[in-house]
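K.L.:
For reference, the sequence and a predicted model appear below.
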Amino acid sequence: MTAAFGLVHRLAQHGVRHVFGYPGGQLTPIYDSLIDYPEIRHFLTRHEQAAAFMADGYARASGRLGVCLAVCGPGVYNAATALATSHTDSIPVLCVSGQVSTKAAGLRSGYYHENEQAAACRHFTKAVYRAERADQVIPLLDSAIQTATTGRSGPVLFEVPVDVLRSPGETVPDHLPSVEVPIAPDVTQAVARIRCWSRPIILVGGGAIGAEDQVAALASGLGAVVYHTANGKSVYPDAEGMPWDRVTSDLSDMGPYLSVAFDQADGVLAVGCRFTQLATGSWRLAMPELIQIDIDQTEIGRHYQPVIGLVGDAAKTIAAMASYFPKPRPIWYSSSKPSEWLLGGMDISTVLNDTLPADAIVAADVTRSAYILMSRLRLRGRRSWLHPAGSVAMGYALPAALGAKTASGQRPVVAVVGDGGFQMSALEMATAVQEKLPIIIILFNDSCLTLIKATQERHYPGRTTAVKLNNPDFGRMAGAFGFEYSEVDTEEKIRRAVTNALASGRPALIEVTLRE
């Protein structure tokens, strides 16, 4: 048994059943070993960035570890943007990379794919592990997986030189290492402060995912208004969204639109929320008395100073709090119906609210349509909103949707993209067809980088540059890849196209032409 075979065997023991990757020379021992493990399905992407984005989408949709394979050097560097996205959003991803021989060292070794990827990746991953000997592969792999999935989760790079992968491996133990079960902190002081609040808000971020039932119970017991950040959208189905439909690249105009509820509230309980520039309108949001819950001590008080900070698992901490408030109370604040916000003369939020099934998963790229949906789209399913909130990386939605589809079974998965971001990862349409992943892509085409143009016009009135796109024929592109295709320009046509795509069970591209 080789060390590579032991590595794949250990992945299977950890419950890994999906890996996303692109083969390369130093990875061949691992790919050869995958042949003997049919229970682990490999998805062949067209680019390593897409492989890592697919692993990210898989992890977000499933709550399990996402695993990608990238050859050392250019492969890992290609995956860097996606790994950085997983890092900023705390998504558990394991990137496994072969490495040049142990005889080599650094960028001038003369070996092909020579690199210093470990040094580079330390800046945008949670940790980097390297096995120098065959007997290190299994224990370091266990450590890498535990690091990625415990505490504040995040991406981890695990590299093994190719000569080590090919060498005889150690016997793989039958048992997995024990994992420390998180416990709730003492909530009595926080509960005492919350009892003094008559107009509470619960603000849920990505760290509240997995605590959906507990948040619902506490919100009911407090009569609280629930707001969500970009990553917390699917935690509480009836949560209010911040005004992301007003977003421009520098967020300079969001201040006046932040909810009046925060002005009226006398307390905010923030759960797994980083208080980012996007969530707070460049920190213009006035914060009432704050209690902050986070798994990561370093996030407590980073931007807003809480009266009480609790470090612990969100689900267990909120459950402990909810036990003090067992009886439902009426919600103290009723928000007014949001004003209609049109895109190309169309109310896309209402159309998709009426058309998408309750359990749909939406992967949203960095585009104006996505920000409108972030505020207005109502999602009922859990883990149903995927968005690169921290890195704001264009090109995310299509591969993330593919990863989500591998995790979600029969749940419909929709990628919402603009014409700019779509073209950064459009080749993954080939992956969708080859791997039989029937996602729906809704492409909003205005032949422009709209958010960038708006920022240019704000700072340099009358002067814009490098924002007009000379786009290809997306219909012919869809046909070349084997996608169903519809071109639409009205609300009714969008409804019909989405309904037909859902019924077809095939990959579909719906191009929404936006008129000025």
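P.N.:
That came through, no problem.

K.L.:
Okay, and V96 sits in which element?
P.N.:
For V96, the element it lies in under DSSP states H and E is strand 93-99.

K.L.:
other SSEs contacting that strand?
P.N.:
helix 28-34, helix 48-62, strand 66-70, helix 74-88, helix 137-149, strand 155-161, helix 162-166 (3 or more CB pairs under 8 Å, 6 or more residues apart in numbering; DSSP states H and E). Any C-beta I mention is one placed from the backbone N, CA and C, and that applies to glycine too.

K.L.:
Any chance of CSV for the ones you listed, columns mean neighbour count?
P.N.:
Putting the helices and strands packed on strand 93-99 into CSV (neighbours: other CB atoms under 10 Å) gives the following:
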stretch, mean neighbour count
helix 28-34, 20
helix 48-62, 30
strand 66-70, 31
helix 74-88, 24
helix 137-149, 21
strand 155-161, 27
helix 162-166, 22
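
K.L.:
what's the closest of these to G301?
P.N.:
Closest approach to G301 among these is made by helix 74-88 (19.1 Å; CB to CB).

K.L.:
residues touching Y304, list them.
P.N.:
Neighbouring residues of Y304 by CB atoms under 8 Å, 6 or more residues apart in numbering: A270, F275, M287, L290, Q292.

K.L.:
distance of it from E289?
P.N.:
10 Å (CB to CB, to the nearest Å).

K.L.:
which residues are in contact with both of the two?
P.N.:
With CB under 8 Å, 6+ apart as the test, Y304 and E289 reach no residue in common.

K.L.:
quick revisit: okay, and which of the contacts of Y304 map to strands?
P.N.:
A270, L290, Q292 (DSSP state E).

K.L.:
Closest to K103 out of the residues you listed?
P.N.:
Q292 (50.2 Å).

K.L.:
residues touching the closest one, list them.
P.N.:
Q292 neighbours (CB under 8 Å, 6+ apart): A270, C273, E299, I300, G301, Y304, P306, I308, G309, L310.

K.L.:
now do G482
P.N.:
G482 touches M429, V433, P507, counting by CB under 8 Å, 6+ apart.

K.L.:
again, 10 Å this time
P.N.:
By CB atoms under 10 Å, 6 or more residues apart in numbering, the contact set of G482 is M429, A430, A432, V433, Q434, R506, P507.

K.L.:
Same question for P23.
P.N.:
Counting by CB under 10 Å, 6+ apart, the residues that P23 touches are I30, Y31, D32, L34, H42, L44, L69, A70, V71, G75, G98.

K.L.:
got JSON lines for the residues you listed, with pLDDT too?
P.N.:
Putting these into JSON lines (pLDDT from 0 to 100) gives the following:
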{"residue": "I30", "pLDDT": "98"}
{"residue": "Y31", "pLDDT": "98"}
{"residue": "D32", "pLDDT": "98"}
{"residue": "L34", "pLDDT": "98"}
{"residue": "H42", "pLDDT": "99"}
{"residue": "L44", "pLDDT": "99"}
{"residue": "L69", "pLDDT": "99"}
{"residue": "A70", "pLDDT": "98"}
{"residue": "V71", "pLDDT": "97"}
{"residue": "G75", "pLDDT": "97"}
{"residue": "G98", "pLDDT": "94"}
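
K.L.:
on that earlier part again, buried only: go through the contacts of Q292 for me.
P.N.:
Buried residues within the contacts of Q292, counting neighbours by 16 or more other CB atoms under 10 Å: A270, C273, E299, I300, Y304, P306, I308, G309, L310.

K.L.:
Surely the first one touches E289?
P.N.:
This means A270. No: using CB atoms under 10 Å, A270 is not in contact with E289; the gap is 11.3 Å.

K.L.:
Show me the common contact partners of those two, please.
P.N.:
With CB under 10 Å, 6+ apart, A270 and E289 have common neighbours P306.

K.L.:
What ranges does the stretch 401-516 of the chain have for its helices?
P.N.:
419-425, 428-434, 450-459, 474-481, 491-504 (DSSP state H, counting those that start in this stretch).

K.L.:
Go ahead and produce CSV holding the CA coordinates of stretch 300-316.
P.N.:
Provided in CSV are the C-alpha atoms of stretch 300-316 (Å, rounded to 0.1, in the frame of the first residue of the first chain):
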residue,chain,number,x,y,z
ILE,A,300,-15.6,40.0,19.8
GLY,A,301,-15.4,43.8,19.7
ARG,A,302,-13.5,44.1,16.5
HIS,A,303,-15.8,46.8,15.1
TYR,A,304,-18.5,47.4,17.7
GLN,A,305,-17.9,47.1,21.4
PRO,A,306,-20.4,44.7,23.1
VAL,A,307,-21.5,45.0,26.7
ILE,A,308,-21.1,41.2,26.8
GLY,A,309,-19.2,39.0,24.5
LEU,A,310,-19.7,35.2,24.5
VAL,A,311,-17.3,32.8,22.8
GLY,A,312,-18.9,29.5,21.9
ASP,A,313,-20.9,27.4,19.5
ALA,A,314,-23.9,29.4,18.2
ALA,A,315,-26.4,26.6,18.4
LYS,A,316,-25.6,25.6,22.0
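
K.L.:
Run the chain-centre distance for it.
P.N.:
22 Å (CA atoms, centre = their mean, to the nearest Å).

K.L.:
what residue ranges in the stretch 301-450 of the chain are flagged as low confidence?
P.N.:
Residues of the stretch 301-450 of the chain meeting the criterion pLDDT under 70: 336-340.

K.L.:
And the strands in it, which stretches?
P.N.:
308-311, 361-364, 385-386, 413-418, 440-445 (DSSP state E, counting those that start in this stretch).

K.L.:
possible to save the ones you listed as a markdown table with distance to Q13?
P.N.:
Converted to a markdown table, those look like this (distance: least, CB to CB, whole Å):
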| stretch | distance to Q13 |
| --- | --- |
| strand 308-311 | 31 |
| strand 361-364 | 28 |
| strand 385-386 | 28 |
| strand 413-418 | 29 |
| strand 440-445 | 35 |
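
K.L.:
Tell me which of those lies nearest to H87.
P.N.:
Smallest distance to H87 across these (CB to CB): 15.8 Å, for strand 385-386.

K.L.:
So which elements touch that closest one?
P.N.:
The contact analysis (3 or more CB pairs under 10 Å, 6 or more residues apart in numbering; DSSP states H and E) places strand 385-386 against helix 48-62, strand 361-364, helix 368-376, helix 397-408.
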